[in-house]
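1. have a look at this prediction, sequence included:
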Amino acid sequence: MLDQAAVDSLVEMLNLLASAKDAMSDEIVTRLARTASEGMTLLDRLTRNEGVMRLLQVLDRPESQYMLISLADALAKMSRELATAPPAKGGILGLVQLARTPGTQEGVRALSLLGQYWNDSLRELHRRGG
Amino acid sequence: MRILVVGGGTGGTILANNLARRLVGEIRAGKVRLTMLSASDQHMYQPGLLYVAFGQMAPDQLYRDQASLLEPSVDFHVDPVERFHLDRNQVKTRSGKTHEYDVLIIATGARIVPEEVPGLSEGAETFYTEEGAIRMHKRLKEFQGGTVAMVISIPHKCPVAPVEAMFLLHDFFKARGIRDKVKLRYHYPTNRVHATANVAKWAKPEFDNAGIEYETLFNLKEVDPVNKVVYSEEGTECKYDLLIAIPPHRGMETIERNNLGQGGWIPTDRFKLTMNGHDNVYVIGDATNIPVSKTGSAAHFEAEVVAENIASLIKTGIPVREYDGKVYCFIEAGYDRATYNAFDYVNLPDLKPPSKAIHWFKVAYNQMYWTTVRGLL
């Protein structure tokens, strides 16, 4: 047997459902259904897309996440520095001066390594058929 | 293995997507090629036309790009078939190209032929085309009172559409505050208000409650649009101020031209869904002559059976399923209520009491349709 408290809870729940029903309209149902439909389609496409799945596997690795975080951090810093730095003067001397700074040399080395591994990765992807 | 789907409506699209999913490995390995030929680059949600006629949906909500609904592995061409050479496993398209196949699926649908009834095109409104539905909505908005008569030819797409339209007419004029000035008259060709006994049993008292008058055994013969009179083959007539017609239907012209079936309906095995005398040719949807409703729902269930069988034949050499005649149709019942009609070859429909929840299910399905044709639901 239900006690009074349980009956009150049930009545409360039914009132909640009735109020939700009264608040609904064909337009709301249409919008909800459209969102659900498009959401399901998107989810289906994502879960059956091998490229996206491989990307998620790569993103699962902590070093990939650190890389993205550091890249975002570096982009923000670069943006701030570019905004405050005086315009480049141009000329070969400016380039030589830039090349002498340790930061530039490390940056070029990092880009060179990135190019090398990126190239290897692309070869491997093509070998496995995309 | 070359699989060719002719027709990009509900049945053809569901079937192509279902096959593309089932045969993903075979397609990638180049063992299977899946091609679709359609007359249009647009896909229309046809049941939505009824809602357009009553101002409840906008026409642009009915369309999506066909290519966006198909799996990327389906080779899609807008190039309708003109000639079927079933003895040579070939079809020839409007552009002059020849497509060869190992398995052919014909899903070309049905068309309306109002011109077969004298005066019908000039005298009646209909909601079976986009232009017709928009024009009907305009006429309903302008209508100030009098007799609205509905006349029906069978067979037609969506068998419950005339019943739904009557209830929507009742609601529409009630909402406009002129229901008392409008006489609604329903004319049906058989000896009850619907060909399906249980639908007739349910609809008759609902008509009575809504004050909808009805006349049975009224087979549409001729419309006199000048004097606004519609005549039946039985010798009766009805004067109207606004005539709404469910026009006669036929299968597609190309089916008739190629002598594939009388009236454009292709003789089809009701269980295997193969064309009689052609085991590698399947027919689904409105194009068949099988004794089920001409609805998207039937096309959907048929497409799933055929896709599963074709995939199984390719993988194991054995088909696995038979179509049991399953159909599921919503029926708008007015007053923001709906019911549904579910049946198969063995089980007759048993209509549930109409409710708002089922109406919302139908409203939601109008959107979920796009998930269905993509092969997800």
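-> Okay, I see it.

2. which bits of chain A sit near chain B?
-> A:21, A:24, A:26, A:29-30, A:32-34, A:36-38, A:40-41, A:44 (CB under 8 Å from any CB of the partner chain). All C-beta spots, glycine's among them, are computed from the backbone N, C-alpha and C.

3. from chain A, how far out is the residue nearest to B:T236 when sequence neighbours are not counted?
-> Distances taken as CB to CB, 6 or more residues apart in numbering or on different chains place B:F218 nearest to B:T236, at 6.3 Å, with adjacent residues excluded. Counting by CB to the nearest CB, to the nearest Å, the gap from B:F218 to chain A is 33 Å.

4. where does B:F218 land on pLDDT?
-> B:F218 is assigned 97 on the pLDDT scale.

5. these two touch, right, it and B:S153?
-> No - using CB atoms under 8 Å as the test, B:F218 is too far from B:S153 to be in contact (10.6 Å).

6. ok, back up a step: out of the residues of chain A next to chain B, who's nearest B:R139?
-> Of all the residues of chain A next to chain B, A:D26 has the smallest distance to B:R139: 22.9 Å, by CB to CB.

7. circling back: quick check: phi and psi at the residue nearest to B:T236.
-> phi -120, psi 90 (degrees, to the nearest 10).

8. could I get the contacting residues of it?
-> Going by CB atoms under 8 Å, 6 or more residues apart in numbering or on different chains, B:F218 touches B:151, B:187-189, B:232, B:234, B:236, B:238.

9. make JSON lines from these and add secondary structure, pLDDT and neighbour count to it.
-> Below are the contacts of B:F218 laid out as JSON lines (DSSP: H, G, I helix; E, B strand; the rest coil; pLDDT from 0 to 100; neighbours: other CB atoms under 10 Å in any protein chain shown):
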{"residue": "B:V151", "secondary structure": "strand", "pLDDT": "98", "neighbour count": "30"}
{"residue": "B:H187", "secondary structure": "strand", "pLDDT": "98", "neighbour count": "24"}
{"residue": "B:Y188", "secondary structure": "coil", "pLDDT": "97", "neighbour count": "24"}
{"residue": "B:P189", "secondary structure": "coil", "pLDDT": "96", "neighbour count": "18"}
{"residue": "B:S232", "secondary structure": "strand", "pLDDT": "97", "neighbour count": "18"}
{"residue": "B:E234", "secondary structure": "coil", "pLDDT": "97", "neighbour count": "13"}
{"residue": "B:T236", "secondary structure": "coil", "pLDDT": "97", "neighbour count": "14"}
{"residue": "B:C238", "secondary structure": "strand", "pLDDT": "97", "neighbour count": "19"}
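
10. quick one: which of these is nearest B:G132?
-> Closest approach between these and B:G132, by CB to CB: B:V151, at 14.6 Å.

11. got the contact list for the closest one?
-> Listed by CB under 8 Å, 6+ apart, the contact set of B:V151 reads B:124, B:187, B:218, B:220, B:223, B:230, B:238, B:243-246.

12. any idea how far it is from B:L242?
-> 12 Å (CB to CB, to the nearest Å).

13. what touches both of B:F218 and B:S153?
-> With CB under 8 Å, 6+ apart, B:F218 and B:S153 have common neighbours B:P189.

14. what residues does chain B put near chain A?
-> Counting by CB under 8 Å from any CB, the residues of chain B close to chain A are B:56, B:336, B:356, B:359-360, B:363-371, B:374, B:376-377.

15. list buried residues within those.
-> For the residues of chain B next to chain A, a burial check counting by 16 or more other CB atoms under 10 Å in any protein chain shown picks out B:56, B:359-360, B:363-371, B:374, B:376.

16. for stretch B:184-196, measure first residue to last.
-> The straight-line separation of the ends of stretch B:184-196 (CA to CA, to the nearest Å) is 22 Å.

17. now B:E215, what are its backbone angles?
-> Dihedral pair for B:E215: phi -140, psi 130, per degrees, to the nearest 10.

18. how close does the residue nearest to it when sequence neighbours are not counted get to B:A165?
-> Nearest non-adjacent residue to B:E215, counting by CB to CB, 6+ apart: B:H187, 5.0 Å away. B:H187 sits 13 Å away from B:A165, taking CB to CB as the criterion.

19. over to B:R64?
-> Using CB to CB, we find B:R64 at a distance of 25 Å from B:A165.

20. contact partners for B:P59?
-> Contacts of B:P59 by CB under 8 Å, 6+ apart are B:52, B:130, B:133-134.

21. kindly recompute the last result at 7 Å.
-> B:52, B:130, B:134 (CB atoms under 7 Å, 6 or more residues apart in numbering or on different chains).

22. nearest residue to the first one in space, please, no chain neighbours.
-> I take that to be B:V52. In space, B:V52 is closest to B:A133, 4.0 Å off (CB to CB, 6+ apart).

23. is the one you found within a helix or a strand, and which one?
-> Taking DSSP states H and E as the definition, B:A133 sits inside helix B:130-142.

24. not counting its own residues, what contacts the strand or helix carrying A:A5?
-> Assigned by DSSP H and E, A:A5 belongs to helix A:4-23. With CB under 7 Å, 6+ apart as the contact definition, helix A:4-23 has no outside contacts at all.

25. what average pLDDT does that helix get?
-> The average pLDDT for helix A:4-23 rounds to 86.
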